[in-house]
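> I'll drop the sequence and a predicted model, then ask my questions.
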Amino acid sequence: MADIFDVIADGTRRDILQLLLERSRSGERGTSVSQIVAALGVSQPTVSKHLKVLREAELVSVREVGQHRYYSLSPAPLDVLDDWLIPFLEEDGPETAPLPDSAAHAADIVGRAAASAKHAFESALKKLPGR
């Protein structure tokens, strides 16, 4: 698997990820290659090349319907980035004491569970009639 930093270093791939994120938040179950091409204004071969890299990095999933392919964001590999960035974002002022490893791990698990529950709840709400 490609290094996640190399994968997201490319601006076009970041644009594709951002587009897929926005579309998933609006309730779409996937975005076709032609929709990505139209939204970003880049060629179909370019989009396909970048989608291949994103698939190999497991940042997107693909659903086939007939001859059409619909791509969705799979953000789990971005946890590697999250884990790497967090130490750079933490404050090291004198008034803040670092958490013990066990407490930091527990806080991480609770935070991820809360985010997952929020996502599941929002997804369920979107499926209700009248929404």
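Here it is on my side, so go on. Just so it is clear, the structure is predicted and the values come from calculations on it, not from any experiment.
> All the strands of the protein, residue numbers only.
31-32, 60-65, 68-73 (DSSP state E).
> Which one of the ones you listed lies nearest to Ile109?
Closest to Ile109 of these, according to C-beta to C-beta: strand 68-73, at 22.3 Å. Using the backbone N, CA and C atoms, a C-beta is placed for each residue, glycine as well.
> quick check: angle from the closest one to strand 60-65?
150 degrees (axes from the mean of the first three to the mean of the last three C-alpha atoms, to 10 degrees).
> Ser48: neighbouring residues, count only.
Neighbour count for Ser48, taken as other C-beta atoms under 10 Å: 13.
> same question, the one 5 residues further on
When neighbours are counted by other C-beta under 10 Å, Val53 registers 18.
> List phi and psi for the most centrally placed residue in the chain.
Residue closest to the average C-alpha location in the chain (C-alpha atoms, centre = their mean): Pro75, at 3.0 Å. Main-chain torsions, Pro75, degrees, to the nearest 10: phi -80, psi -10.
> Check the gap between Arg55 and Lys49 for me.
11 Å (C-beta to C-beta, to the nearest Å).
> Over to Ala39?
According to C-beta to C-beta, Ala39 and Lys49 sit 17 Å apart.
> that older thread, show me what contacts the residue nearest to the centre of the chain?
By C-beta atoms under 8 Å, 6 or more residues apart in numbering, the residues touching Pro75 are 21, 59.
> The strands of the chain: which one's closest to Leu17?
strand 68-73 (6.4 Å).
> Convert that closest one to CSV, retaining C-alpha atoms only.
Provided in CSV are the C-alpha atoms of strand 68-73 (Å, rounded to 0.1, in the frame of the first residue of the first chain):
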residue,chain,number,x,y,z
HIS,A,68,-21.1,2.5,-14.2
ARG,A,69,-18.8,2.8,-11.2
TYR,A,70,-19.7,5.0,-8.2
TYR,A,71,-17.0,6.1,-5.8
SER,A,72,-17.3,6.8,-2.1
LEU,A,73,-14.9,8.1,0.6
